[in-house]
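J.: Got a sequence here, can you model it:
(one chain, ligands or ions: 1)
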Amino acid sequence: MMPSPTTRASELRTPYSGRAALEGVLAEGCEMQHAVIRQYGTQTIVLLEPSSIRHCFITNAVNYRQAAARKRLMEPVLGESILTGEGDISVKVRQQIATLFNRPALETYAARIREHAEAATGDLDDGVGDAAAMTARIALENLSLTLFSGALSDHVEDLLSALDAVYDAMHGLPLLGEEGGVAYYPHVDRPARQDAARRLRQVVHGIVERRLAEDAPRGDLLDRLIGLRRDAARGDVSAEQMVGDVVTFIIAGHETTAATVAWALFLLSRDAVALARASAETDRVVNDGVPPGEWPDRLPFLLACVEETQRLYPPVPVITRQAIEDDALPGLDIGKGSVVMAPVRLIHRMHRYWDQPGRFRPDRFLPGNREQIERYSYLPFGLGPRMCIGAAFGNREATIMLAVILRRFRPRYAGGADPVPLLKVVLRADNGIPMLFERRQGPQR
Ligand code: HEM
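T.: Alright, predicted model coming up:
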């Protein structure tokens, strides 16, 4: 029987033997260089060495494309998207939109992000709420206000509801229990995914249609995506052709940041010392009247909390590619069609690369310490030609959102057991992150 959308991670069953190959990866002294498992009926090579990851994702990246199984999984939702296309087109897209993600642009977004986050969190102390749902709502509106000139704002609730249904229709499960990051999808409810995808695409279709009917250009992300499509088509484009591009950005651009902030609030609520330090740092910077565009640079500890959160709960916990032709690494043949995986979450928790990997220790990312981190053992934004285009946007936004919340509130986890991370397109908490926000008293307000 197909599990219902509310199925909990613990109720999903592991139907295959990949787990045995990975047993021991998280143990101290593990020297394994890779593990071979089967996922979706294909040989999957789980890369555990930075040099192998560098080889497949950077040095010989031309021999690897997006994994077919992952594309199939997301196809009904994304349809076709130039952003995630292969080769030259994605390079061109990146070049054309790069100025929307550069430093001056990010600084102009900061004031809008702060203002909106402040308005949206004014009454956070009004009982227990789901921090994950709250941050998703704020991050989607932030995306709308910054990159879409407000075009998504009237549809935030519809978009969130359709997206939730998409995520509920596809559950990925870690293979090694709570600590392990190698995920697969034991639950894909195809009719539910189809229905949710249709709803999502319908809303986005309307948004694009309205923009196509406008005369005056806005120069925002939506306009640029339309321009790129027109160039590619050498003529007019329809709203339908644009839906995949916009949906890609909506999912990639808000859920990842939202998950980061929600997990960070959970981790900070569990660490009184780190919370006090982050709150005091925020008070100093805000009291000094520092403009929000400079906050991320002036809040090194809070930014380190964001980065440490992404080590423990990377929103994208695995990154896969598929070999176009045969390839080889020392001691390992990679056959054409094999999937290679950078198991981001697993690597983030290996003793080989991290001291006390299970502990939340933001200090690791402070200047002076972060230089010690082994290259390619920390990959929240991926690597190589397809590395996240919104990395700086996401971390700056997450830092501002956290600063706004910590300035006024003290987060307290209101659940029983710890939230269970489950891959629902990004790493989300199964059944949310219930939090209580106590209003802080005193001069900081
Ligand atoms: C903290 C937040 C974020 C995290 C952890 C994150 C993570 C990632 C990762 C790991 C990838 C690479 C996936 C792969 O190689 O298969 C990626 C790609 C991407 N990200 Fe992000 N992301 C974040 C925020 C954002 C934001 C804010 C945006 C846009 C506003 C964005 C837009 C994209 C896009 C468009 C891609 C696809 C790039 C391509 O395929 O060429 N991301 N992200």
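
J.: residues in the stretch 201-350 of the chain within reach of the ligand, list them.
T.: By the rule CB under 6 Å from any ligand atom, the part of the stretch 201-350 of the chain lying against the ligand is 248-249, 252-253, 256-257, 260, 310, 315-316, 319. C-beta here means a position set from N, CA and C on the backbone, and glycine is covered the same way.

J.: 8 Å - rerun?
T.: Within the stretch 201-350 of the chain, the positions lying close to the ligand (CB under 8 Å from any ligand atom) are 221, 248-249, 252-254, 256-257, 259-260, 306, 310, 314-316, 319-321, 344.

J.: Mind checking which of those residues land in strands?
T.: Cross-referencing those against strands under DSSP state E gives 319-321.

J.: Which positions in the longest helix seen in the chain come out as buried?
T.: Taking DSSP state H as the criterion, the chain has its longest helix at helix 190-212. Within helix 190-212, the residues that qualify as buried are 192-193, 195-197, 199-201, 203-205, 207-208, 211, counting by 16 or more other CB atoms under 10 Å.

J.: Run through this protein and note the low-pLDDT ranges.
T.: Under the criterion pLDDT under 70, the flagged ranges of the chain are 1-18, 40, 82-89, 173-181, 184, 186, 443-445.

J.: Contact partners for the residue positioned nearest the centre of it?
T.: Nearest to the geometric centre of the chain sits Thr256, at 2.7 Å (CA atoms, centre = their mean). Counting by CB atoms under 8 Å, 6 or more residues apart in numbering, Thr256 touches 315-316, 390, 394, 426.

J.: Ala392 is in contact with Phe381, correct?
T.: No - look at Phe381 against Ala392 with CB atoms under 8 Å: they stay out of range, at 9.3 Å.

J.: Which one of these two is surrounded by more residues?
T.: Legend: neighbour count by other CB atoms under 10 Å for Phe381 and Ala392, higher for Phe381 (20 against 16).

J.: quick one: Asp297 from Phe381, how far?
T.: Going from Asp297 to Phe381 by CB to CB, to the nearest Å gives 19 Å.

J.: hmm, back to that, nearest spatial neighbour of the residue nearest to the centre of the chain, chain-adjacent residues omitted?
T.: Ranked by CB to CB, 6 or more residues apart in numbering and with sequence neighbours excluded, the top spatial neighbour of Thr256 is Pro315, at 4.1 Å.

J.: Please apply the same query to Tyr109.
T.: Once flanking residues are discounted, Tyr109 sits nearest to Thr146: 4.1 Å by CB to CB, 6+ apart.

J.: next one: Arg370
T.: Counting by CB to CB, 6+ apart, Arg370 lies nearest to Arg364, which is 6.7 Å off, once chain neighbours are set aside.

J.: List the contacts of that neighbour.
T.: Contacts of Arg364 by CB under 8 Å, 6+ apart are 304, 308, 311, 354-355, 370, 373.

J.: In the residues you listed, which residue is surrounded by the most others?
T.: Top of the contacts of Arg364 by neighbour count (other CB under 10 Å): Arg311, with 25 neighbours.

J.: can I assume that one is in contact with Tyr378?
T.: Yes - taking contacts as CB under 8 Å, Arg311 lies within contact range of Tyr378: 6.4 Å.

J.: between the two, what contacts are shared?
T.: Counting by CB under 8 Å, 6+ apart, the common neighbours of Arg311 and Tyr378 are His348.

J.: what's the nearest residue to the residue of the chain found nearest the ligand if we skip its chain neighbours?
T.: Proximity of the chain to the ligand (CB to the nearest ligand atom) peaks at Gly390, 2.2 Å away. Distances taken as CB to CB, 6+ apart place Gly253 nearest to Gly390, at 5.7 Å, with adjacent residues excluded.

J.: repeat for Arg229
T.: Val237 (4.3 Å).

J.: in this protein, which spans are strands?
T.: Using DSSP E, strands in the chain cover 34-39, 42-47, 64-66, 129-130, 170-174, 183-188, 319-323, 327-329, 332-334, 339-342, 409-413, 420-424, 426-430, 434-439.

J.: Ok, which of the ones you listed comes nearest Thr399?
T.: strand 409-413 (15.4 Å; CB to CB).

J.: Buried ones in the closest one, by neighbour count?
T.: 409-411, 413.

J.: Cool, thanks, signing off.
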